[in-house]
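K.L.:
With the sequence up front, the predicted model follows.
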Amino acid sequence: MYQIVEDKAGLIWVTTNTGVSSLDPATGVFRNFTPSNGLQNNNFVHQSGIRTSDGELFFGGQQGFNYFYPAGLTTNRNVPPVVLTDLKVANRSVVPGKGAPITEQISTARDIHLNFGQNFALSYGALDYTLPKENRYAYKLEGFDRDWNYVGTQNTAYYTNLDPGEYVFRVKASNNDGVWSTTDSQVRIFVRPPVWRTVYAYILYVLAAGGLLFYSRRRGSPG
């Protein structure tokens with residue numbers, strides 16, 4: 001931190017080597033501002049920051065001053081919906097079609113059907129373009145993940161070696177001001193069992209075991 005200033009509303013403002021951040025002591029919530037918000041690119045200067053009598057804040061950096069009224073900063077309340085943008089199996093994007101894991105574009109697909117042992121990756125994106133580089137994501141695969149994975153700006157989820165069964169992939173996003181979507185995007189994933197774990201295989205196992213038992217009894221019976 002290079003400088004700490006308290007504004008008239010009691011928020012704490014600090015300059016760092018990546019931008020300016022504000023802290024609300026009452027809630028513990030941080031709000032970060034970067035060059036994407038109009039700040040200078042280079043580092044700020046140590047102990048270079050003041051609050052004027054009318055509440056305006058000044059922070060000095062290697063490219064001059066950034067100055068603003070904290071009360072005049074608005075919060076982006078747009079709740080960003082999330083869409084799936086790509087499905088890769090074995091590191092290759094899947095083309096929808098008959099016999100493929102999906103039969104329609106991944107953005108509208110409701111189901112994904114995979115064979116046992118197929119590794120896959122799902123990519124996604126938030127439909128908020130105010131500061132798209134500041135969008136954050138979280139995803140969860142129900143039936144596998146216990147909790148949400150908050151992954152920052154990472155926009156792809158990778159999964160390997162899933163057991164046969166049914167799963168639900170869920171993903172949500174927040175905009176540049178940390179406002180999270182209240183609903184998430186979902187797609188069901190079905191992993192088929194291997195041949196040796198199908199119903200037909202188990203029927204064959206039962207028949208084979210019965211046949212061996214019958215054979216052993218016939219061999220062991222007198223006369």
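P.N.:
That came through, no problem.

K.L.:
Quick one: end-to-end distance for stretch 60-73.
P.N.:
Start and end residues of stretch 60-73 are separated by 19 Å (Cα to Cα, to the nearest Å).

K.L.:
can you list the residues that contact that stretch?
P.N.:
7-9, 11, 13, 15, 20, 22, 38-45, 48-49, 55-59 (Cβ atoms under 8 Å, 6 or more residues apart in numbering). Where C-beta positions appear, they are placed from N, C-alpha and C, glycine not excepted.

K.L.:
7 Å - rerun?
P.N.:
7, 9, 11, 39-40, 42-45, 48-49, 55-59 (Cβ atoms under 7 Å, 6 or more residues apart in numbering).

K.L.:
May I see the buried residues of stretch 108-123?
P.N.:
Residues of stretch 108-123 classed as buried by neighbour count (16 or more other Cβ atoms under 10 Å): 109, 112, 114, 116, 118, 120-123.

K.L.:
end-to-end on that stretch?
P.N.:
Per Cα to Cα, stretch 108-123 runs 13 Å from first to last residue.

K.L.:
So for it, mean pLDDT?
P.N.:
For stretch 108-123, the mean pLDDT works out to 94.

K.L.:
where exactly do the helices run in this structure?
P.N.:
With DSSP state H as the criterion, the chain has helices at 199-220.

K.L.:
so where's it shaky on pLDDT?
P.N.:
Applying pLDDT under 70 to the chain picks out residues 42, 195-202, 205, 207-211, 214-215, 217-223.

K.L.:
can you pull the contacts of the residue nearest the centre of the chain?
P.N.:
Centroid check for the chain by Cα atoms, centre = their mean gives residue 138 as the closest residue, at 3.1 Å. Residues near residue 138 by Cβ under 7 Å, 6+ apart: 148-151, 172.
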